[in-house]
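Chemist: turn this into a structure:
(2 chains)
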Number of protein chains: 2
Amino acid sequence: MNSTLNFLVAGMESQLAEVARRFDDETRSDLACVSSLTKHVARFRGKMLRPMLVLLAGRACGSINDIHLTIATVVEMVHMATLVHDDVLDDAELRRRGATINHLKGNETAVLLGDYLISHSYHLCSGLDDQFAARIIASTTNRVCEGELLQLDNRGNLDLTEETYITIIERKTAALIAASAMLGAHFSGATPKVVEALRFYGEAIGIAFQIQDDVLDLIGDTNEVGKPLGNDVEQVKLTLPLIHFLKTAPTEHRQLLRSLLKGDEPDRAEKVRNLISPSGSIEYARAVAEKYVERAITSLRVLEKSEAKDALEEAARFITKRSN
Amino acid sequence: MNSTLNFLVAGMESQLAEVARRFDDETRSDLACVSSLTKHVARFRGKMLRPMLVLLAGRACGSINDIHLTIATVVEMVHMATLVHDDVLDDAELRRRGATINHLKGNETAVLLGDYLISHSYHLCSGLDDQFAARIIASTTNRVCEGELLQLDNRGNLDLTEETYITIIERKTAALIAASAMLGAHFSGATPKVVEALRFYGEAIGIAFQIQDDVLDLIGDTNEVGKPLGNDVEQVKLTLPLIHFLKTAPTEHRQLLRSLLKGDEPDRAEKVRNLISPSGSIEYARAVAEKYVERAITSLRVLEKSEAKDALEEAARFITKRSN
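Modeler: Below is the predicted model of the structure:
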């Protein structure tokens, strides 16, 4: 568990431990070669943000039941599957200070392990009494894949617009966070209006979360984040600060950035960072993230006052404050 | 459609066309970059063996309804997803005489497109009224992933046993064929005993199918099969003829095979083929496949006589006769 989110966990420790237990039970296999992989993956379990949102949204709208615990396990498993495949796409070697599966066992194993996790997440869903959660989860993973494919299609596109960038992160990141919050609310018997408010809340903090992630990849501290940074520049994935910079900076600065992104200097991530840092484009990206956080908090107005509601508000504010 | 299976299609043309239509409808996206990929993948649609089995099993046990058409689409989509990821794992360039997605667009796109297809297959399942199909499909994909992981774990293992080989192919290939046949029967209202007989039939022909596939990879005709062969030898994936050869051939022949498999001569697939061909190990593998075909046909005894039952029998016999 990441210490920075500990303030949210109070009162949820035993439920989150149950989620971890269900995760392990579901992904255990009679084949030793499979179980050793899922054991390794358990080490990547980090902030457990998505399970927490299921539980907090559930509490904010009523009480937690067994379905919440299953859904919380499902969203974490889907998330873990996307991490494992993301590491293949990014050729990443480190994740939460541990070696990635692709680095340790090769891309083939990582592809199959991601498939195994996604399959088990649907399997867990299919054990529920009705199809509601399965429908939401499957539509969500449809959108996650679309966001990832759109992002891939725009690698190297120096003319990426802010609008398309938001579409990418809304699908690849925010959709699953939105699903977590709305399913939590739904299974506590919330009205459709409240379920929609929680979906909106999740989507908005999801967008803010990804903008902050992208800012950290650009200017964060490698030691604090726990993995190598500068990945987006290396892969010429334009993120909000760069998009803003390429639209607003003086012509010669824009040209310099374009040629850095098109080139292959080994220290170009560092050079881009030095070029962008004093420009105001980081501040712009942070302000956009803040705007989404405020929208998220506003959408919580439909909820009555409760500790869980306060925690959802704190979670939203934390998104843009975090440094890892 | 592969011409060699045309004899099975009689009377199913319009239903198979509806399956293809549902496949296209489900995988269409508002994003052009996604739709162009799913359009390309549609070209890989080959024998449509799995959808046919859903329909034939359904007919053999009663009549076809809308759920059969959905299930037929789902199993084809799962199959297509595994093909796309398999091509990444095998670094394959050709599939049914067309370029693979990984060859055309890179491994990253192929990984995500496979994810997109698997997500949509669960999404289609989640639209059904009850969870029965979703549970079977998700348990099946769990097993498919396990089979693939076990196979990967045994790449380069020259001591692979026939038992483990059968476990691998039962999970990676036969499980989905078994699910196709049993779901077809179930949704025509078959009794549990008949559903189990159809599952067994599917599993047995699935094992025979994969043994034949592996024999073709070893000694088939590249032009007939439509893709490069010798893949298993290149990747040191032991298949039934090699396992048998390494157990039964004269010592010096075994040693020669082991050193060919451990080496990296560019024409080693050709050399292995020449070594194995006269040995009787191909015939052994074919005999094992035939044994599974006979078991499959025997299990059909629970069905009353019908055209669909005859077609299921013909399909089983065809498995080991095919040359592509």
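Chemist: which helix or which strand is home to the residue lying farthest from the centre of chain A?
Modeler: Computed with CA atoms, centre = their mean, the residue of chain A farthest from its C-alpha average is A:Glu252, at 34.8 Å. Here A:Glu252, judged by DSSP states H and E, is contained in helix A:251-262.
Chemist: now do that helix: everything it contacts.
Modeler: A:158, A:233, A:236, A:242, A:245-246, A:249, A:268, A:271-272, A:275-276, A:279 (CB atoms under 8 Å, 6 or more residues apart in numbering or on different chains). (Each C-beta comes from the backbone N, C-alpha and C, glycine too.)
Chemist: show me those that map onto helices.
Modeler: A:233, A:242, A:245-246, A:268, A:271-272, A:275-276 (DSSP state H).
Chemist: for the stretch 1-150 of chain A, which spans come out with low pLDDT?
Modeler: For the stretch 1-150 of chain A, residues meeting the criterion pLDDT under 70 lie at A:1-9, A:93-97.
Chemist: what segments of it are strands?
Modeler: A:94-95, A:98-99 (DSSP state E, counting those that start in this stretch).
Chemist: what pairs with the last one, and is each one parallel or antiparallel?
Modeler: Within its sheet, and counting by DSSP bridges, strand A:98-99 is paired with strand A:94-95 (antiparallel).
Chemist: tell me who's in contact with the most centrally placed residue in chain A.
Modeler: When CA atoms, centre = their mean is applied to chain A, the residue found nearest the centroid is A:Thr173 (4.7 Å). Counting by CB under 8 Å, 6+ apart, A:Thr173 makes contact with A:147, A:206-207, A:209-210, A:213.
Chemist: OK, contacts around A:Glu270?
Modeler: A:Glu270 touches A:Gly230, counting by CB under 8 Å, 6+ apart.
Chemist: now the one 10 residues further on
Modeler: Counting by CB under 8 Å, 6+ apart, A:Gly280 makes contact with A:Thr248.
Chemist: give me phi/psi at it?
Modeler: A:Gly280 adopts backbone torsions of phi 90, psi -10, taken as degrees, to the nearest 10.
Chemist: now list the buried members of the contacts of helix A:251-262.
Modeler: Buried members of the contacts of helix A:251-262, counted by 16 or more other CB atoms under 10 Å in any protein chain shown: A:233, A:236, A:242, A:245-246, A:249, A:268, A:272, A:275-276, A:279.
Chemist: pull stretch A:56-75 out as PDB, backbone CA atoms only.
Modeler: The C-alpha trace of stretch A:56-75 is given here as PDB (Å, rounded to 0.1, in the frame of the first residue of the first chain):
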ATOM      1  CA  LEU A  56     -16.000   4.400  -0.800                       C
ATOM      2  CA  ALA A  57     -18.700   4.900  -3.400                       C
ATOM      3  CA  GLY A  58     -20.600   2.000  -1.900                       C
ATOM      4  CA  ARG A  59     -20.300   3.400   1.600                       C
ATOM      5  CA  ALA A  60     -21.200   6.900   0.500                       C
ATOM      6  CA  CYS A  61     -24.400   5.600  -1.000                       C
ATOM      7  CA  GLY A  62     -25.300   2.900   1.600                       C
ATOM      8  CA  SER A  63     -23.500  -0.100   2.900                       C
ATOM      9  CA  ILE A  64     -21.000  -2.600   1.500                       C
ATOM     10  CA  ASN A  65     -22.000  -6.100   0.600                       C
ATOM     11  CA  ASP A  66     -20.400  -9.100  -0.900                       C
ATOM     12  CA  ILE A  67     -20.800  -7.900  -4.500                       C
ATOM     13  CA  HIS A  68     -18.800  -4.800  -3.700                       C
ATOM     14  CA  LEU A  69     -15.900  -7.000  -2.700                       C
ATOM     15  CA  THR A  70     -16.100  -9.000  -5.900                       C
ATOM     16  CA  ILE A  71     -16.300  -5.900  -8.000                       C
ATOM     17  CA  ALA A  72     -13.400  -4.400  -6.200                       C
ATOM     18  CA  THR A  73     -11.400  -7.500  -7.000                       C
ATOM     19  CA  VAL A  74     -12.500  -7.400 -10.600                       C
ATOM     20  CA  VAL A  75     -11.500  -3.800 -11.200                       C
END
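Chemist: distance from it to the middle of the chain?
Modeler: 19 Å (CA atoms, centre = their mean, to the nearest Å).
Chemist: hmm, back to that, let's have the buried ones among the contacts of helix A:251-262 in CSV, adding pLDDT and distance to chain B.
Modeler: Listed next are the buried ones among the contacts of helix A:251-262 as CSV, based on pLDDT from 0 to 100; distance: CB to the nearest CB, whole Å:
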residue, pLDDT, distance to chain B
A:Val233, 90, 17
A:Val236, 92, 13
A:Leu242, 97, 20
A:Phe245, 97, 25
A:Leu246, 97, 21
A:Ala249, 96, 28
A:Arg268, 89, 21
A:Val272, 94, 22
A:Leu275, 94, 27
A:Ile276, 94, 26
A:Ser279, 92, 30
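Chemist: check those and tell me the two furthest apart.
Modeler: A:Val236 and A:Ser279 (18.8 Å; CB to CB).
Chemist: element containing A:Leu238, please.
Modeler: Here A:Leu238 is assigned to no helix or strand, by DSSP H and E.
Chemist: tell me which residues touch it, please.
Modeler: Going by CB under 8 Å, 6+ apart, the list of residues near A:Leu238 reads A:154, A:157-158, A:160, A:165, A:232, A:246.
Chemist: quick one: buried ones out of the residues you listed?
Modeler: Buried among those (16+ other CB under 10 Å): A:154, A:160, A:165, A:232, A:246.
Chemist: and the least confident of those residues?
Modeler: Among these, A:Asp232 carries the weakest pLDDT, at 90.
Chemist: dump the buried ones among the contacts of A:Leu238 into TSV; add distance to B:Ile297 as well.
Modeler: Listed next are the buried ones among the contacts of A:Leu238 as TSV, based on distance: CB to CB, whole Å:
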residue	distance to B:Ile297
A:Asn154	53
A:Leu160	58
A:Tyr165	58
A:Asp232	57
A:Leu246	66
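Chemist: between the residues you listed, which sits nearest B:Ser180?
Modeler: A:Asn154 (37.6 Å).
Chemist: and that closest one, how far from chain B?
Modeler: Going from A:Asn154 to chain B by CB to the nearest CB, to the nearest Å gives 8 Å.
Chemist: now which of the contacts of A:Thr173 would you call buried?
Modeler: Buried, going by 16+ other CB under 10 Å: A:147, A:206-207, A:209-210, A:213, out of the contacts of A:Thr173.
Chemist: now the residues you listed in TSV, with distance to B:Arg322?
Modeler: Shown next, in TSV, are the buried ones among the contacts of A:Thr173 (distance: CB to CB, whole Å):
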residue	distance to B:Arg322
A:Gly147	40
A:Gly206	49
A:Ile207	51
A:Phe209	51
A:Gln210	49
A:Asp213	50
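Chemist: next helix or strand past the top helix by length along chain A?
Modeler: Longest helix of chain A, by residue count under DSSP H: helix A:192-219. Downstream of helix A:192-219, the first helix or strand assigned by DSSP H and E is helix A:222-225.
Chemist: quick one: mean pLDDT over that following helix.
Modeler: Mean predicted confidence for helix A:222-225 is 73.
Chemist: CA atoms of it as PDB?
Modeler: Taking Å, rounded to 0.1, in the frame of the first residue of the first chain, the C-alpha atoms of helix A:222-225 are listed here in PDB:
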ATOM      1  CA  THR A 222      12.600   9.000 -10.600                       C
ATOM      2  CA  ASN A 223      13.400   8.000  -7.100                       C
ATOM      3  CA  GLU A 224      10.000   9.100  -5.800                       C
ATOM      4  CA  VAL A 225       8.000   7.600  -8.600                       C
END
